[in-house]
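Student: What shape does this take:
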Amino acid sequence: MDVLLSDKAFIGIVLSAVEAFKKECTGALLGYNLRDNRIVVEYSFPYQLAERSYSQVIISTKRESRVKEILPKITQLNYVGEYHSHTQRGGKKATAKLSDEDEEAIEKCMIEIVVAVNEAKRKTVWKQDPKGMMLSGTIGGYHLTLACYYKKKDGTIIQCPLLCPYILGFDLTF
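Tutor: Presented below is the predicted three-dimensional model:
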């Protein structure tokens, strides 16, 4: 399963992660499933009243339910999952891997995009890793790595190739 990230979704995720740095952020992903086993993420939006800390972010289930309830009334896009960040703490670099808590929190048949946010030592061009699974690069003083995971109906979690033509089309550093 491939996940395609629109420019609007990418910008929303990155701004949310950088704005909350050094604390974690979280938000919802809106998009649609294609018949050829791909998910297109059109929009992302942050959960503004989430409880943030340096190692976790907690969403009020009441507030999350409220958002999910009104989505079909204002858009034809579907709720396809969530995103959240992992941030650097001191000398310990953040990774875009799921923690045990992350794995439990993912809903079945949904995606989770993890954004690792670290202080950048140098500027790098945005690129995909050799396996095509993650995106990474710098913006301002931050190095970001994005990875995407999907939880199947049986509860198995797989990492999905994450594509973003918007960012990969740039042959420059920010």
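
Student: can you pull the pLDDT of the residue nearest the centre of the chain?
Tutor: For the chain, Ile113 is the residue whose C-alpha lies nearest the centre (C-alpha atoms, centre = their mean; 3.0 Å). For Ile113, the pLDDT comes out at 98.

Student: Quick check: phi and psi on the residue nearest to it when sequence neighbours are not counted?
Tutor: What sits nearest to Ile113 in space, not counting adjacent residues and going by C-beta to C-beta, 6 or more residues apart in numbering, is Tyr83, at 4.0 Å. For every residue, glycine as well, the C-beta is placed using N, CA and C. Main-chain torsions, Tyr83, degrees, to the nearest 10: phi -130, psi 160.

Student: what about Tyr83, how many residues close to it?
Tutor: Tyr83: 26 surrounding residues under other C-beta atoms under 10 Å.

Student: Mind listing the residues bridging to it?
Tutor: Beta-bridge partners of Tyr83, counted by DSSP bridges, are Gly27, Ile113.

Student: ok, it - contacts?
Tutor: 13, 16, 26-29, 44, 112-115 (C-beta atoms under 8 Å, 6 or more residues apart in numbering).

Student: What is the neighbour count of Glu82?
Tutor: Burial of Glu82 is recorded as 21 neighbouring residues (other C-beta under 10 Å).

Student: distance of it from Cys160?
Tutor: 14 Å (C-beta to C-beta, to the nearest Å).
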